[in-house]
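Enquirer: Let me see the structure of the following:
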Amino acid sequence: MRRRLQADLGKTRNGITTALRHLFNLFENQVVVISGERCLRRQPKNQKKKRNGGSLHGRIDKRQNAIWQRQVEEEGRFRRSLAFPADYARRKKMLRFTKMNGAGNDFVLIDNRAGEVQLNRSQIAHLCDRHRGIGADGVLLLEKPSNRADFRMRYFNADGGEAEMCGNGARCFARFTNKVAGAAGKISFETPAGVISADLVGDLVTLQMTEPADLRLNVPLRVANESKAIHFINTGVPHVVIPIPQVDDVDVQREGAAIRQHEMFSPKGANVNFIEKRGANKIAVRTYERGVEDETLACGTGVVASALIFAVTEDATGPIGVLVRGGSELQVGFEKTGTKFKNVTLTGPAEFVFEGTIEV
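Expert: Sure, this is the predicted structure:
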């Protein structure tokens, strides 16, 4: 039995829709106009008209005409929808940023003095993603102050959560304000940990830190069926400090994560620093950072915490040189009376890496 061929009446196919979507992606920054017209098959001159119609080779019957008419209406709506690329391009938000690092601790810095940048947790995590975003340990926003300081600094960890303070980030922030806002000499900026001041001398920045708090020495802590004696201090954010013979021998990821999550420090957790004595006034440190949930090349508040704990336990005077995993040596200055500290400073580099824009 012969089967009749079914005419393709031009129905929209998924393949076409997909192709157009890719086309919009390719031209997302351009206005794209796509146009076309439907060509109906003409009847050959030497072919006689059939009285009862019914074939595409003759005239179009009522059923086919209704289908064509519906498709023309749909096509009209589809054509109007092709204004999408222009609207899409307008809706796309391009965020300008500067990438910086302080002793290997890297950050994305954004000028938000106009108050127009509103990033959610997932967007911040995307910016910090080293495979799909810019890649960083955290994000810093420059904003207008709400108090007597010159600027306001907001710091977000790589997981998108906001933190009180970041020492290496603050040094980068100081140089960033110098570049984008013309701030020079000594500047101040507010943070949730308090007002921080900074002195800029070339590529180096000296931070006047807030006074440390909640110093606790030789606290017993049981982790993974093992008892440890740890020290604790808050230098803007909470830090655990553990002296060990060799920092190269410690499993920072495993031990750091276990202590960071310990119920003693819940719900926010604490950063964990392992320190090794390298001289009368020098130590090496490796740090597990909460929010990043991994070891970082440097942690400014961790450097300060480690130096202050070392000063107390070894009865050392400042400044203390601190070697970080990234290879830099930071300097921590202070005035100490017993276990009390004041005029705590952190000095180290802050470097520009690159600038760019990214879609958010």
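Enquirer: How is this structure divided into domains?
Expert: Residue ranges for the domains of the chain, per automatic domain parsing: 9-29+51-92, 94-202+354-359, 213-349.
Enquirer: what about the helices in this structure?
Expert: 14-26, 62-81, 84-91, 121-128, 167-181, 252-260, 300-313 (DSSP state H).
Enquirer: What distance do you get for the spatially most central residue of the chain to Val292?
Expert: Centroid-nearest residue in the chain: Cys128, 3.0 Å away (criterion: C-alpha atoms, centre = their mean). In this view, Cys128 and Val292 are 9 Å apart by C-beta to C-beta, to the nearest Å. Yep, even glycine has a C-beta here, placed from its N, CA and C like the rest.
Enquirer: How about Arg70?
Expert: Distance from Arg70 to Val292, by C-beta to C-beta: 57 Å.
Enquirer: for Val250, same thing?
Expert: 17 Å.
Enquirer: shaky segments in the stretch 201-350 of the chain?
Expert: Applying pLDDT under 70 to the stretch 201-350 of the chain flags no residue at all.
Enquirer: For the nearest residue to Val303 once chain neighbours are set aside, give the beta-bridge partners.
Expert: Distances taken as C-beta to C-beta, 6 or more residues apart in numbering put Val322 closest to Val303, at 4.6 Å, once the chain neighbours are dropped. Beta-bridge partners for Val322, by DSSP bridges, are Ile283, Leu330.
Enquirer: so Val322 makes contact with Gly302?
Expert: No - using C-beta atoms under 8 Å, Val322 is not in contact with Gly302; the gap is 9.0 Å.
Enquirer: just to revisit the earlier point, Arg70 and Val292: which is more packed in?
Expert: Val292 (19 against 11; other C-beta atoms under 10 Å).
Enquirer: Report the contact partners of the closest residue to the more buried one other than its chain neighbours.
Expert: Nearest residue to Val292, sequence neighbours excluded (C-beta to C-beta, 6+ apart): Ala158, at 4.8 Å. Counting by C-beta atoms under 8 Å, 6 or more residues apart in numbering, Ala158 touches Ile124, Ala125, Cys128, Ala136, Asp137, Gly138, Gly291, Val292, Glu293.
Enquirer: how near is Ala158 to Leu109?
Expert: With C-beta to C-beta as the criterion, Ala158 and Leu109 are 14 Å apart.
Enquirer: Where do the strands of the stretch 201-350 of the chain begin and end?
Expert: Taking DSSP state E, counting those that start in this stretch as the criterion, the stretch 201-350 of the chain carries its strands at 204-208, 213-223, 226-234, 238-243, 271-279, 282-289, 294-296, 320-323, 329-337, 340-349.
Enquirer: For the ones you listed, please prepare CSV with the additional fields distance to Lys99 and mean neighbour count.
Expert: What follows is these, written out as CSV (distance: least, C-beta to C-beta, whole Å; neighbours: other C-beta atoms under 10 Å):
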stretch, distance to Lys99, mean neighbour count
strand 204-208, 17, 20
strand 213-223, 32, 12
strand 226-234, 29, 17
strand 238-243, 26, 24
strand 271-279, 23, 21
strand 282-289, 18, 24
strand 294-296, 16, 20
strand 320-323, 24, 22
strand 329-337, 20, 18
strand 340-349, 15, 19
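Enquirer: could I get those strands as a markdown table with distance to Met165?
Expert: As requested, those are exported to a markdown table (distance: least, C-beta to C-beta, whole Å):
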| stretch | distance to Met165 |
| --- | --- |
| strand 204-208 | 10 |
| strand 213-223 | 12 |
| strand 226-234 | 10 |
| strand 238-243 | 11 |
| strand 271-279 | 11 |
| strand 282-289 | 13 |
| strand 294-296 | 15 |
| strand 320-323 | 17 |
| strand 329-337 | 15 |
| strand 340-349 | 11 |
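Enquirer: Identify the residues contacting the closest residue to Phe189 other than its chain neighbours.
Expert: Distances taken as C-beta to C-beta, 6+ apart place Phe151 nearest to Phe189, at 4.2 Å, with adjacent residues excluded. Applying C-beta under 8 Å, 6+ apart, one finds that Phe151 lies in contact with Leu142, Glu143, Lys144, Pro145, Phe173, Thr177, Ala181, Ala183, Ile187, Ser188, Phe189, Glu190.
Enquirer: switch the cut-off to 6 Å
Expert: Pro145, Thr177, Phe189 (C-beta atoms under 6 Å, 6 or more residues apart in numbering).
Enquirer: Looking at these, which is nearest Ala350?
Expert: Minimum distance to Ala350 across these is 11.0 Å, recorded for Thr177 (C-beta to C-beta).
Enquirer: neighbours of the nearest residue to the closest one once chain neighbours are set aside, just the number please.
Expert: Counting by C-beta to C-beta, 6+ apart, Thr177 lies nearest to Ala183, which is 4.2 Å off, once chain neighbours are set aside. Neighbour count of Ala183, defined by other C-beta under 10 Å: 20.
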